[in-house]
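A.B. asks: Need coordinates for the following:
(4 chains)
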Number of protein chains: 2
Amino acid sequence: MVGIAKIDLIEGVVKGMAVLECFDTSRQRLNATLTAQRAGITRAAARRHLLTLAHLGYLESADGYYWLSSKVLRFSGSYLASARVPRAVQPVLDQLAAQTQEAFAAAVLDGDEAVIVSRSGNEGSGTPGSTRRLLAHGLHLGARLPAHATSSGRVLLAGLPRTELSAWLKERQFRRLTPQTVTSNSALRAILNEVRKQDYSLVYEEHETGVGALAVPVRDAQGNVVAALNVVVSPQRYGPEALLRTMFGPMCDAAAMLRSVL
Amino acid sequence: MVGIAKIDLIEGVVKGMAVLECFDTSRQRLNATLTAQRAGITRAAARRHLLTLAHLGYLESADGYYWLSSKVLRFSGSYLASARVPRAVQPVLDQLAAQTQEAFAAAVLDGDEAVIVSRSGNEGSGTPGSTRRLLAHGLHLGARLPAHATSSGRVLLAGLPRTELSAWLKERQFRRLTPQTVTSNSALRAILNEVRKQDYSLVYEEHETGVGALAVPVRDAQGNVVAALNVVVSPQRYGPEALLRTMFGPMCDAAAMLRSVL
DNA sequence: CGCACGATGTGCGGTAATCGCACAACGGGT
DNA sequence: ACCCGTTGTGCGATTACCGCACATCGTGCG
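C.D. replies: I've put the predicted structure just below:
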């Protein structure tokens, strides 16, 4: 049991998953040539992998084009059923949504992005097709939000150990998503300190114009931040102060309730 | 361009996905030995695949055990963002839930099972911890329901072309899930005919005791059944007749609305 | 206390699966 | 008609992977 720990990666799996990941939000239907380019493999290999995945049922295909099938939900289903955070969070979110008629979500950190692991509400009792619907656009389960420009992302970042956070901030470029986006490392660091102090994050129109959000951390029994709870609203209906005043209390209560079961 | 069409499957992908599928609802944490057994491969291979998947971020591991990470939500995220059915259905479900304070879901057929591709509501304004919460248990996104014993499943089956349905019914065993479960092929066939005629399916306690459900088909512009809309309630609060009386109308309206956008 | 059992991590050689190229066929646009 | 892009599909070479085997470790039991 000596020897240098050498990880042997299975190339087939690496390529297969790379092919699967080619189907992202921006490109939903791919042919063999495009897939090869995106995955950085030869067309022949891409085609064989696509065929394999289609054969297994994860992709559907017609006319040489491929797209994700509903079978990929298998994984999210298993994950949601097994992971403690989404299981515990879902009923709490539903209740918040029912109480307030707003759209809530819970997110965890995965690399540079906050991943929505649970969501609830939206649309409320408002007129169908009102602005509310637009807000929830892109907030589906599994959606990935840039951590630096979203309330949930900042809460999660602020919850990281200082050393990890420093490493994260170091040498990282932040994309400007709206005119308001904070892209400077030092400014973000200051904001995160503030977030850590006040234990919430309020972000208006830094991710998308016309969208404001408030997030609070969800901690486990040991005090580690394991998720973020957030609500997203239209700035026209809720200014930052009003949002904080009305939602901060209920959300903190929810987070506290979760702490006892995590 | 002659030659016999021969599909070459990439073994690595097949095994990799098999390993990933080992993590289902019932077994959420696996070690190398268990995985090998479940996936039908040698322990060494299983271990290498697990390591690869963990390295890619789809699994987390500690103490030789592995479990799904939030990264698998990437796929469902892409699917939900791309597929037309969930995108169109989600706001409609949210609205139904807001109007009625009940838990709705939409499902599509995948093999023997109905897969939940969208859900909304539950808990409502009721007391936290009331029976309502129990109902939504297992109705998370990506959950898989046995088609023969659930309202959504039957609606989807009834929507299949007759020949496909016959093939499906032929030579298939149906598991008894509760004392009420219909397990005979001929009885199910009769039920499906009924469902096709009345265009809804009402199923009480055939899947789980203490749960009743109503489902209606969602059709696209061509009239093909592409999904099922369902509501799940406690039999104590809603008998079949009451459920049908109060929910059938709104659900049909929702399905009709969807038809125009699919 | 020691032994047996079952688990894990990791070399290593043989084999077979996969790679990438090449070519044929096809379609659409100019 | 010609060219450019695509797709499907052999085929030989190679290398990546499989399965075995061994060393190690922890635990429970006699």
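A.B. asks: Quick one: end-to-end length of stretch A:63-71, please.
C.D. replies: This stretch, stretch A:63-71, spans 20 Å end to end (Cα to Cα, to the nearest Å).
A.B. asks: wait, is A:R196 part of a strand?
C.D. replies: No: per DSSP: H, G, I helix; E, B strand; the rest coil, A:R196 lies outside any strand segment and is helix.
A.B. asks: That one: what's it in contact with?
C.D. replies: Neighbour list for A:R196: A:A158, A:G159 [criterion: Cβ atoms under 8 Å, 6 or more residues apart in numbering or on different chains]. C-beta: built from backbone N, CA, C; applies to glycine.
A.B. asks: Could you see whether chain B lies near whichever helix or strand A:G153 is part of?
C.D. replies: Here A:G153, judged by DSSP states H and E, is contained in helix A:151-158. No: applying Cβ under 8 Å from any Cβ of the partner chain, one finds helix A:151-158 out of contact with chain B, separated by at least 11.6 Å.
A.B. asks: what's the next secondary structure element after the helix or strand bottoming out on mean pLDDT in chain A?
C.D. replies: None of the helices or strands of chain A scores lower by mean pLDDT, DSSP states H and E than helix A:131-136, at a mean of 50. From helix A:131-136 onward toward the C-terminus, using DSSP H and E, the following helix or strand is strand A:144-146.
A.B. asks: anything in that next one sitting right up against chain B?
C.D. replies: Yes: judged by Cβ under 8 Å from any Cβ, strand A:144-146 and chain B are in contact via A:R144.
A.B. asks: helices or strands next to that strand in the packing?
C.D. replies: strand A:113-120, helix A:151-158 (3 or more Cβ pairs under 8 Å, 6 or more residues apart in numbering or on different chains; DSSP states H and E).
A.B. asks: Quick check: mean pLDDT of the last one?
C.D. replies: Right, the one you point to is helix A:151-158. Average pLDDT, helix A:151-158: 96.
A.B. asks: Show me what that helix is packed up against.
C.D. replies: So helix A:151-158, by 3+ Cβ pairs under 8 Å, 6+ apart, packs with strand A:103-110, strand A:113-120, strand A:144-146, helix A:162-169, helix A:185-198, strand A:201-204, strand A:212-219, strand A:225-233.
A.B. asks: Ok, the first one next?
C.D. replies: Other elements packing on strand A:113-120 under the criterion 3+ Cβ pairs under 8 Å, 6+ apart are helix A:84-100, strand A:103-110, strand A:144-146, helix A:151-158, helix B:73-82.
A.B. asks: Of all the residues in that strand, which ones are buried?
C.D. replies: A:E113, A:A114, A:V115, A:I116, A:V117, A:S118, A:R119, A:S120 (16 or more other Cβ atoms under 10 Å in any protein chain shown).
A.B. asks: Likewise for stretch A:100-114?
C.D. replies: For stretch A:100-114, burial by neighbour count (16+ other Cβ under 10 Å) applies to A:T100, A:E102, A:A103, A:F104, A:A105, A:A106, A:A107, A:V108, A:L109, A:D110, A:E113, A:A114.
A.B. asks: who's the spatially most central residue of chain A bridged to?
C.D. replies: Nearest to the mean C-alpha position of chain A, counting by Cα atoms, centre = their mean, stands A:V115 at 1.9 Å. Beta-bridge pairing for A:V115 (DSSP bridges): A:V108, A:R144.
A.B. asks: how about low-confidence regions in chain A?
C.D. replies: A:1-7, A:122-138 (pLDDT under 70).
A.B. asks: Return the residues in contact with the closest residue to chain B within it.
C.D. replies: Chain A approaches chain B most closely through A:G12 (1.7 Å), counting by Cβ to the nearest Cβ. By Cβ under 8 Å, 6+ apart, A:G12 lies in contact with B:I10, B:E11, B:G12, B:V13, B:K15, B:G16.
A.B. asks: tell me which element the nearest residue to it once chain neighbours are set aside falls in.
C.D. replies: Spatially, and ignoring its direct neighbours in sequence, A:G12 is nearest to B:G12 (1.7 Å; Cβ to Cβ, 6 or more residues apart in numbering or on different chains). Here B:G12, judged by DSSP H and E, is contained in helix B:11-22.
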